[in-house]
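Participant: here are the coordinates; sequence isn't available:
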């Protein structure tokens, strides 16, 4: 779990092991189902424009994908996948907010992705691969 320092503005997330046993910037966040909060894991990907979760997460959150906006996104390997875009209520690094999230059954990386939209405008994010720590600092609104 993250550790807060300097009040409630800065959080440090120790890297977690991915499916291959490598340390990676994988974090926990909470998402609202309509009647309770659930924990989700996601790989923080500064190269991803959108957060993308498996369609099973949409079912868990009670999201009807046939009412969501369909978009196509390009992955780092050049392939294009469909996502169903919806705003979800999340808690992350001591803040509760709505963030856009895509849901897809075509994401074949084995984990959810936490992308820039909705997150990187609220937080400064620093990766320290040597120390295996992700530092997230809440940005104040000006």
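Facilitator: Nice, thanks for sending it over. The shown structure was predicted, so the numbers you read here are calculated from the model rather than taken from an experiment.
Participant: what's the neighbour count on residue 73?
Facilitator: 19 (other CB atoms under 10 Å). Using the backbone N, CA and C atoms, a C-beta is placed for each residue, glycine as well.
Participant: I'd say it and residue 47 touch.
Facilitator: No - contact criterion CB atoms under 8 Å: residue 73 and residue 47 do not qualify, at 11.7 Å.
Participant: Now do the same contact list for the most centrally placed residue in the chain.
Facilitator: Centroid-nearest residue in the chain, with CA atoms, centre = their mean: residue 114, separated by 2.6 Å. Residues near residue 114 by CB atoms under 8 Å, 6 or more residues apart in numbering: 27, 29, 42, 43, 44, 45, 48, 51.
Participant: Can you tell me how far the last one is from residue 140?
Facilitator: It refers to residue 51. Using CB to CB, to the nearest Å, one gets 23 Å for the distance from residue 51 to residue 140.
Participant: now do the first one
Facilitator: Counting by CB to CB, the gap from residue 27 to residue 140 is 21 Å.
Participant: do the same with the fourth one
Facilitator: In this structure, residue 43 lies at 27 Å from residue 140, with CB to CB as the measure.
Participant: Between these two, tell me which one has more neighbours.
Facilitator: Taking neighbours as other CB under 10 Å, residue 43 and residue 140 compare with residue 43 leading, 18 against 7.
Participant: From the contact counts, what lies against the one helix or strand the more buried one maps to?
Facilitator: Using DSSP states H and E, residue 43 sits in strand 37-44. Packing partners of strand 37-44 (3 or more CB pairs under 8 Å, 6 or more residues apart in numbering; DSSP states H and E): strand 26-32, strand 51-54, helix 55-61, strand 113-114.
Participant: Repeat the analysis, applying 7 Å as the threshold.
Facilitator: strand 26-32, strand 113-114 (3 or more CB pairs under 7 Å, 6 or more residues apart in numbering; DSSP states H and E).
Participant: Averaged pLDDT, the last one. What do you get?
Facilitator: To tie it back to what came earlier, the one meant is strand 113-114. For strand 113-114, mean pLDDT rounds to 95.
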